[in-house]
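# Can you look at this prediction? I've put the sequence above it.
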Amino acid sequence: MAIIRPEQLSSGSYSITGSFTGSFGGDGSNLTGVTATAFPAGPDSSVQFRDGVAVSGSSGFVFDKGTSTATIVGLNAQSIVVTGSGESLFLIKNNSRDLFSISQSGVAVFATQSLDPTGTVTAGSMTFTSASFFVGLDS
């Protein structure tokens, strides 16, 4: 094993084979042959985001690359900005049933139900059938 003392080094390039213990100066931009592996934060398919100085992910914010669908669960935000190019710019679903959508041209589409509501309609709610529109009002 050879020992290289700092006074033996001058500026230039050096080749070291094997292992190296020490430190490098500069920004490391000229290093080659170095393999680094980054592991994503959060569960599979979670969207990565900066959380202070750390990279993080959340099971409440996921993206499905196969369907190009972002899903947010338990949202508590001041505003939501949505952009896109699909037929429905904004879509709320319950399993496979579309409940509410906004098209690219700004048309809002509410889900309809097959029967008129029975009993009292909840205050503040809107219910649609193919032929009727109901609004729940306070009494």
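Sure thing, it's come through. Numbers count the residues shown, from 1 in each chain.

# tell me the secondary structure for the spatially most central residue of the chain?
Residue closest to the average C-alpha location in the chain (Cα atoms, centre = their mean): Val47, at 3.3 Å. Going by DSSP: H, G, I helix; E, B strand; the rest coil, the secondary structure assigned to Val47 is strand.

# Skipping adjacent residues, who's closest to Phe110 in space?
Among residues not flanking Phe110 along the chain, Phe128 sits closest, at 5.1 Å (Cβ to Cβ, 6 or more residues apart in numbering). Yep, even glycine has a C-beta here, placed from its N, CA and C like the rest.

# Tell me the pLDDT of Ile16.
Per-residue pLDDT puts Ile16 at 69.

# and if you look at Val53?
88.

# go on, Phe24?
Per the predicted model, pLDDT is 69 at Phe24.

# what's the spacing between the residue nearest to the centre of the chain and Lys93?
Per Cβ to Cβ, to the nearest Å, Val47 is found 19 Å from Lys93.

# Isn't the residue nearest to the centre of the chain up against Gly57?
Yes - Val47 lies in contact with Gly57 (Cβ atoms under 8 Å); the separation is 6.6 Å.

# burial count for Ser45?
If you count neighbours by other Cβ atoms under 10 Å, Ser45 ends up with 15.

# Could you do Thr71 as well?
Thr71, neighbours per other Cβ under 10 Å, totals 14.

# Any idea how many residues pack against the closest residue to it other than its chain neighbours?
Distances taken as Cβ to Cβ, 6+ apart place Val62 nearest to Thr71, at 5.1 Å, with adjacent residues excluded. As a burial measure, Val62 scores 18 neighbours (other Cβ under 10 Å).

# ok, now Ile102?
15.

# Leaving out sequence neighbours, find the closest residue to it.
Phe90 (4.3 Å).

# Neighbours of that neighbour, how many?
By the criterion of other Cβ under 10 Å, Phe90 has 15 neighbours.

# what does Gly60 give?
Residues near Gly60, counting by other Cβ under 10 Å: 14.

# Good, wrapping up.
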